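**Q** Build me a model from this:
(2 chains)
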There are 2 protein chains.
Amino acid sequence: MIHDKLPEVRPNSLEPFLSKVKEIIDDVISGGDQALIDLTAKFDNVKLSSVIASEKEIEESSNSLPQEIKSSIDTIWDQLKNFHESAKPPNFGGGRNGITFGILWRPIEKVGIYVPGGLKSYPSTLMMAGIPAKVAGVKEIHVSTPTKGKLDPAIAYVGKKLGVKAFYKVGGAQAIAAMAYGTSSVTKVDKIVGPGNVFVQAAKFLVSNVVGIDGIEGPTELVVMADDSADPLLIAKDLVAQGEHGPLSFLVLISWSETLVNKVREALVSLGKDRSKENFYLVLVRDQNEGIDRVNEIGPEHLSLYVSKPREILSYVRNVGAVSLGRTPPAIIDYAAGPNHILPTNGWAKFRGGVTVYDFLKPLMYAEADSPPRELIKASIALAEYEGFHVHGESIGDRYE
Amino acid sequence: MIHDKLPEVRPNSLEPFLSKVKEIIDDVISGGDQALIDLTAKFDNVKLSSVIASEKEIEESSNSLPQEIKSSIDTIWDQLKNFHESAKPPNFGGGRNGITFGILWRPIEKVGIYVPGGLKSYPSTLMMAGIPAKVAGVKEIHVSTPTKGKLDPAIAYVGKKLGVKAFYKVGGAQAIAAMAYGTSSVTKVDKIVGPGNVFVQAAKFLVSNVVGIDGIEGPTELVVMADDSADPLLIAKDLVAQGEHGPLSFLVLISWSETLVNKVREALVSLGKDRSKENFYLVLVRDQNEGIDRVNEIGPEHLSLYVSKPREILSYVRNVGAVSLGRTPPAIIDYAAGPNHILPTNGWAKFRGGVTVYDFLKPLMYAEADSPPRELIKASIALAEYEGFHVHGESIGDRYE
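**A** Numbering: from 1, shown residues only, chains lettered A, B, ... in the order given. Below you'll find the predicted structure:
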């Protein structure tokens, strides 16, 4: 369907799923591995002989991957690794007033990556989560992914490159519960990262009081902001490509060119998209400024700045996960450009970014105060007294007297 | 009480509070300002004439603050600001393979800071959250804090320095709900930051599917790791100071020196702490390595490395919020050294750090691929096909043909 106005809300409420998902989590907490096997039989109709993939299974599966896909993964690997290595922060050390201080970036030790299944398998998602984790220095990467009983060859191949500690052949809320609480086969991890359906996301939300999560990712979103310099056919194709993720995808064109909007509509119609399950929103705005405001209000996952001067507009864009500039196809960011495709959705770009090395690092702060100036000591003691923390003040005063 | 072994678990479960807190959140969603006024009357026994503090009230309250406290705040302000400014990341721009890419750090627009109340008010906490927010470039800072009807002078003074957009004189779960969902007086913010009691933390957890949060902070924790070079009296004082936060505080000494452990015990006894409500855990370990392992297992909020070569040990410490080195009193980090005192507790240091500028910035990723090498285009298309995303591949292929 093609619309000329944005919807009032994007459908992304976890609420209706929470009580069902809570039951699944409780099942896994009390039932452990057997619960995982039972829930996988029930929901995925797959009979698992074991939760963990064996060394042999991983090896054989990986070996069976066609050479063409292996080299494609290798090529993309180097590009993504380079992006994340360049983004890795150095430790910072400084000082002021006789106090030395700084931040040491420490990697998270154990990370669980959820790779969604469904019709196909998604090795690109394992790379998108796993490469920044590895670059950050994560010691143990654990992967949960639904299978039809057998590990996908490309997932196995990427996993071996990552040095994955264990593959759990489990999907859905039960996989998240297992990595959050641990079972005899599944290691309790420190943080869980990755996209997934609404059950997976509801589970991530519910376990986020015992384990770190990257965020809650909903249906995918692409906003194309374009001017007359853009090719309407390519825009239509980009929107349709994003729509491959399913009918809940949020697919938007924003333009101040009525001509362009009409041409994109024609292109979509010629592709049969006026009768599709996916929804396309073609929004005509007054000018570039209104366009930028709309983007920042939406806070989309993906933004394509298909305009003649993309970097000029980029400087005003605040709330978005990843941006493809100019005629760059948004889909190349999904695979190979460098930035992540695990990105905030549903307006979450207002408060967090996509997955980077920072999701796998923690800032450890430190200070050494051998002889701070009298003034700073006095100020600390005065404020401690004001707050009723008398011994705090004393413990500072005693030290420097 | 003094113990010689760590407890099995730290008491920090939100579970028993969730259903009650959910009710409060629902009340605020449906009742708005009136619900805030009613809940404040019910829980805090305070009759609010309005939810927001007026300009006049802020001005008068701030003016009434004694000059000594004003200058103390000013002195500390500059130190904290310097720390966070030094930690602020530059944008990164790079490229590889004919693709330019990078990360632009964008500030969050609207932040809500929760400042706990209780017996006293805590201007230091408002500085600890507000200064990194301001350094990051946050446009609107909103503050919620319980009052006895009247805004605390030091909170008002710090708020004015921060250019706070609005003060809401509300505490507890209802304050978190208001900032997450908005009411007619309270602005819906993008992210909520700050410590608070178990109701506040339970509320932060429950709203974290609609708004960003910094983390869930529980009762405070201090682990002192010390050798014979340390002064047992000063250690005892540091532990007692941390215990001022209440009987749930987690107060630990780890040492491989039996002499030191005994002396700290004596010092605590001399302070009457063998009969106190607070619990002190004095743990003797075999050696330095076991000590480091214990610290990394605990993942404490605060660590005092009161040893002769603190930087040597620091290099092995991974899971901790903030570290004071050598004879630096941990309490000076609570006020004035530079690092934050809003820090992960209950083992959360395993997956996140304390509040820094990074809590108020988001990495926006971008890429521009004018003419990527044939190999990378082919690899992207091959992987898209493997994943069943045919149009993704086409949208890439079309662009570069």
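**Q** So for stretch A:107-123, what gets flagged as buried?
**A** Neighbour counts over stretch A:107-123 (16 or more other Cβ atoms under 10 Å in any protein chain shown) mark A:107-117, A:121-123 as buried. Heads up, the C-betas are built off the backbone N, CA and C, glycines and all.
**Q** Would that stretch count as contacting chain B?
**A** Yes: applying Cβ under 8 Å from any Cβ of the partner chain, one finds stretch A:107-123 touching chain B at A:P107, A:I108, A:E109, A:L119, A:K120, A:S121, A:Y122, A:P123.
**Q** out of these, which are inside strands?
**A** Among the residues of stretch A:107-123 next to chain B, the members falling in strands are A:P107 (criterion: DSSP state E).
**Q** out of the residues of stretch A:107-123 next to chain B, who's nearest chain B?
**A** Out of these, the one with the shortest distance to chain B is A:K120. That distance is 4.1 Å, counting by Cβ to the nearest Cβ.
**Q** Return the residues in contact with that closest one.
**A** B:Y386, B:E387, B:G388 (Cβ atoms under 8 Å, 6 or more residues apart in numbering or on different chains).
**Q** The last one and A:G117 touch, don't they?
**A** Spelled out, that is B:G388. No: taking contact to mean Cβ atoms under 8 Å, the distance of 11.7 Å between B:G388 and A:G117 leaves them out of contact.
**Q** Check the secondary structure at the spatially most central residue of chain A for me.
**A** Centroid check for chain A by Cα atoms, centre = their mean gives A:I342 as the closest residue, at 3.1 Å. For A:I342, the secondary structure call by DSSP: H, G, I helix; E, B strand; the rest coil comes out as coil.
**Q** Spatially nearest residue to it (excluding sequence neighbours)?
**A** Nearest residue to A:I342, sequence neighbours excluded (Cβ to Cβ, 6 or more residues apart in numbering or on different chains): A:V355, at 4.2 Å.
**Q** From A:S229, how far out is that neighbour?
**A** In this structure, A:V355 and A:S229 are separated by 32 Å, where distance is defined by Cβ to Cβ, to the nearest Å.
**Q** what about these two, which has more around it?
**A** Set side by side, A:V355 and A:S229 show more neighbours around A:V355, with 30 against 14, by other Cβ atoms under 10 Å in any protein chain shown.
**Q** State the three-state secondary structure for the more buried one.
**A** With three-state DSSP as the basis, A:V355 sits in coil.
**Q** Return the backbone torsion pair for it.
**A** The phi and psi values for A:V355, taken as degrees, to the nearest 10, are phi -70, psi 130.
**Q** can you pull the contacts of it?
**A** Contacts here follow Cβ under 8 Å, 6+ apart; on that basis A:V355 touches A:M128, A:A129, A:P132, A:V193, A:D214, A:N340, A:I342, A:L343.
**Q** Need the per-residue pLDDT for it.
**A** According to the prediction, A:V355 has pLDDT 98.
**Q** With A:P339 instead?
**A** The predicted local distance difference test score for A:P339 is 98.
**Q** buried stuff in the helix or strand harbouring A:S324?
**A** Taking DSSP states H and E as the definition, one finds A:S324 inside strand A:322-325. By neighbour count on 16+ other Cβ under 10 Å, the buried set for strand A:322-325 is A:A322, A:V323, A:S324, A:L325.
**Q** What's the first helix or strand after that strand?
**A** Scanning onward from strand A:322-325 (DSSP H and E), the first element met is helix A:330-335.
**Q** Now find how far off-centre the next helix or strand after that following helix is within its chain.
**A** Sequence-wise, the next helix or strand beyond helix A:330-335 is strand A:361-369, with elements assigned using DSSP H and E. Here strand A:361-369 shows a centroid-to-chain-centroid distance of 26 Å under the convention Cα atoms, centre = their mean, to the nearest Å.
**Q** any bit of the very next helix or strand once past strand A:361-369 sitting next to chain B?
**A** Beyond strand A:361-369 in the direction of the C-terminus, DSSP H and E gives the next helix or strand as helix A:374-386. Yes: using Cβ under 8 Å from any Cβ, helix A:374-386 reaches chain B at A:E375, A:L376, A:I377, A:K378, A:A379, A:S380, A:A382, A:L383, A:A384, A:Y386.
**Q** Any residues of the stretch 101-250 of chain A in contact with chain B? List them.
**A** A:101, A:103-104, A:106-109, A:119-124, A:154, A:190-191, A:205, A:208-209, A:211-212, A:216, A:233-234, A:237-238, A:240-241, A:243-244.
**Q** Buried ones among the residues you listed?
**A** With neighbours counted by 16+ other Cβ under 10 Å, these contain buried members at A:101, A:103-104, A:106-109, A:121-124, A:154, A:190-191, A:205, A:208-209, A:211-212, A:216, A:233-234, A:237-238, A:240-241, A:243-244.
**Q** Looks to me like A:A203 is in a strand.
**A** No: when classified by three-state DSSP, A:A203 is found to be helix rather than part of a strand.
**Q** Next up, the contacts around it.
**A** Residues A:V21, A:I24, A:I25, A:G172, A:A173, A:I176, A:A177 are the ones in contact with A:A203 under the rule Cβ under 8 Å, 6+ apart.
**Q** tell me what the longest helix along chain A is packed against?
**A** Ordering each helix of chain A by length in residues (DSSP state H) puts helix A:18-44 first. For helix A:18-44, the packing partners by 3 or more Cβ pairs under 8 Å, 6 or more residues apart in numbering or on different chains; DSSP states H and E come out as helix A:172-181, helix A:198-207.
**Q** Could you give the bridge partners of the spatially closest residue to A:P310 that is not a sequence neighbour?
**A** Once flanking residues are discounted, A:P310 sits nearest to A:L325: 4.1 Å by Cβ to Cβ, 6+ apart. Note on A:L325: beta-bridge partners A:L305, judged by DSSP bridges.
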